[in-house]
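In: sequence unavailable; structure follows:
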């Protein structure tokens with residue numbers, strides 16, 4: 001039975017989650033929204049269950065030259081690079097590549113490199129590549145064969161910690177074992193890794209994704225649901241510390257198997273967690289072959305489910321039996337100016353498996369009120385690099401001050417549900433704990449302390465003439481309030 005595009009009752013009763021729709025608690029969905037693909041990639045070279053996962057790499061200077069990188073998990077497989085029209089541009093043979101992820105600005109030999117990392121099932125290792133922005137070809141930059149310690153490289157994702165600016169890889173196996181590896185550049189300009197944490201999810205897992213900004217790791221336990229863990233290597237990973245985001249055992253919004261997971265980043269902490277509700281293990285479930293959308297923030301409230309139907313006019317078949325998915329809010333030129341969602345198609349009509357692409361706005365506007373469409377997010381912007389010059393320095397603190405009290409949630413640094421001087425105090429504490437280089441020595445006294453904050457306090461005060469920021473109660477907001485906050489803390 002076909003599922004029509006409808007606006008179910010729970011939409012009318014919902015609220016908002018960071019500019020997007022959130023379902024009223026306790027109400028079950030009564031419909032699934034339909035969206036249409038506008039592009040499909042060339043099929044992978046190998047037949048059977050070969051295509052698996054994909055990620056979108058955003059070109060540094062020309063969004064139109066951004067690419068989709070998809071895995072081929074055949075024993076003779078590797079990574080295929082597709083343009084935004086679906087044409088295959090290059091292929092890097094390397095074995096049974098299963099899940100893939102991308103992170104930007106990885107420090108390597110005094111330069112910054114975009115890394116494409118994959119779990120390789122052929123030799124149970126973590127493979128690492130770089131992409132040439134001119135030729136759009138991949139090159140192996142792993143220092144060695146980074147062999148994992150669990151049974152099989154199955155699910156995989158990367159994590160770039162906004163707390164520490166360190167990079168990590170997560171890899172899991174079919175038994176539910178997860179390992180976390182710290183990635184680092186060696187003296188030869190290659191990427192190496194060391195294991196820093198291991199834990200057990202419980203049963204078969206695969207799909208994983210990490211929220212770099214909020215510090216969460218999401219793991220799909222295929223027959224159970226989606227778990228949320230702390231992503232830092234020091235975070236506890238026992239059963240008592242994790243949170244079940246949604247269930248695939250009935251009563252939730254997922255049909256087992258739970259497969260691919262991905263993050264849509266938007267302004268501040270807005271955005272979404274998306275999951276492939278494959279349903280291979282749930283015959284007859286109406287949520288089979290759908291994709292669930294949740295808030296990034298808070299308790300990850302469920303927002304909607306959608307499915308990708310056929311585009312008869314373009315000759316593109318529907319999407320079914322999906323493993324991996326990918327999304328980006330970054331504008332990708334004329335073809336996908338408001339972002340893109342990519343899904344592996346497990347049953348591509350008339351050929352081997354491939355990947356289908358849907359404009360993000362088609363998903364965002366399928367529901368009323370709509371989801372966020374934020375084309376300002378740039379995956380290369382370093383955490384805190386608000387001036388966009390590629391460095392985190394004192395100018396960024398000043399730029400942050402220009403926005404700080406104008407927000408109501410992202411400015412709540414200390415989590416007391418109010419935005420006031422105490423949040424600036426917490427910000428000072430965090431900043432001084434990490435910015436110990438002389439680039440933060442704004443007054444050139446060869447130390448980094450509250451006096452550097454005072455130098456830019458004038459700029460801050462001119463933009464934040466609010467009574468809560470008058471910390472020394474002299475009837476005005478100026479650098480003295482700024483300095484007072486830092487001085488009290490340190």
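Out: Thanks, I have the structure now. Treat the numbers as computed from the prediction; the structure is a model and nothing was measured. Numbering: from 1, shown residues only.
In: paired strands for the strand or helix carrying residue 343, with orientation please.
Out: Following DSSP states H and E, one finds residue 343 within strand 340-345. Sheet pairing for strand 340-345, assigned by DSSP bridges, gives strand 325-328 (antiparallel), strand 354-359 (antiparallel).
In: redo those as CSV? Include mean pLDDT and distance to residue 295.
Out: Heads up, the C-betas are built off the backbone N, CA and C, glycines and all. Converted to CSV, the strands paired with strand 340-345 look like this (pLDDT from 0 to 100; distance: least, C-beta to C-beta, whole Å):
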stretch, mean pLDDT, distance to residue 295
strand 325-328, 98, 14
strand 354-359, 98, 20
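In: nearest to residue 36, out of those?
Out: Residue 36 lies closest, by C-beta to C-beta, to one member of the strands paired with strand 340-345: strand 354-359, at 7.1 Å.
In: can you tell me what sits against the closest one?
Out: 35-44, 51, 54, 68, 70, 82, 84, 86, 308, 316, 319, 336, 338-345, 348 (C-beta atoms under 8 Å, 6 or more residues apart in numbering).
In: could you do stretch 287-294 as well?
Out: 32, 245-246, 253-255, 272-280, 282, 300-308, 318-322, 325, 341, 343, 363, 371.
In: could I get the full set of strands for the stretch 201-350 of the chain?
Out: Assigned by DSSP state E, counting those that start in this stretch, the strands in the stretch 201-350 of the chain fall at 205-211, 216-221, 225-230, 243-247, 258-265, 271-277, 290-295, 302-308, 325-328, 340-345.
In: before we move on, back to that, of the contacts of strand 354-359, buried ones?
Out: Buried by 16 or more other C-beta atoms under 10 Å: 35-44, 51, 54, 68, 70, 82, 84, 86, 308, 316, 319, 336, 338-345, 348, out of those.
In: I figured residue 65 was touching residue 135, is that so?
Out: No: look at residue 65 against residue 135 with C-beta atoms under 8 Å: they stay out of range, at 10.8 Å.
In: which one of these two is surrounded by more residues?
Out: Neighbours per residue (other C-beta atoms under 10 Å) separate residue 65 from residue 135, with residue 65 holding more: 18 against 11.
In: what sits against the nearest residue to residue 226 once chain neighbours are set aside?
Out: Of all residues not flanking residue 226 in the chain, residue 245 sits nearest, at 4.1 Å (C-beta to C-beta, 6 or more residues apart in numbering). By C-beta under 8 Å, 6+ apart, the residues touching residue 245 are 218, 225-228, 273, 294, 300.
In: one more time with 6 Å, if that's ok
Out: Counting by C-beta atoms under 6 Å, 6 or more residues apart in numbering, residue 245 makes contact with 226, 228, 300.
In: just residue 54 next, same as before
Out: Shown in contact with residue 54 (C-beta under 6 Å, 6+ apart): 68, 70, 324, 326, 342, 355.
In: one more time with 8 Å, if that's ok
Out: Counting by C-beta under 8 Å, 6+ apart, residue 54 has contacts 68-71, 100, 324-326, 342, 344, 355.
In: related to what we said a few turns ago, same list (the contacts of residue 245) but as TSV, adding distance to residue 126.
Out: Formatted as TSV, the contacts of residue 245 follow (distance: C-beta to C-beta, whole Å):
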residue	distance to residue 126
226	23
228	23
300	28
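In: pick the one among the residues you listed closest to residue 91.
Out: Residue 91 lies nearest to residue 226 out of these, by C-beta to C-beta, at 32.1 Å.
In: next one: that closest one from residue 333, what distance?
Out: According to C-beta to C-beta, to the nearest Å, residue 226 stands 32 Å off from residue 333.
In: now residue 379
Out: Using C-beta to C-beta, we find residue 379 at a distance of 15 Å from residue 333.
In: hmm, back to that, of residue 226 and residue 333, which one has the most company?
Out: Each of residue 226 and residue 333 has its neighbours counted (other C-beta under 10 Å); residue 226 has more, 27 against 13.
In: can you tell me which residues contact the more buried one?
Out: The contact partners of residue 226, taken as C-beta under 8 Å, 6+ apart, are 218-220, 244-246, 254, 258, 261, 273, 275.
In: cutoff 6 Å now
Out: Applying C-beta under 6 Å, 6+ apart, we find residue 226 in contact with 218, 220, 245-246, 275.
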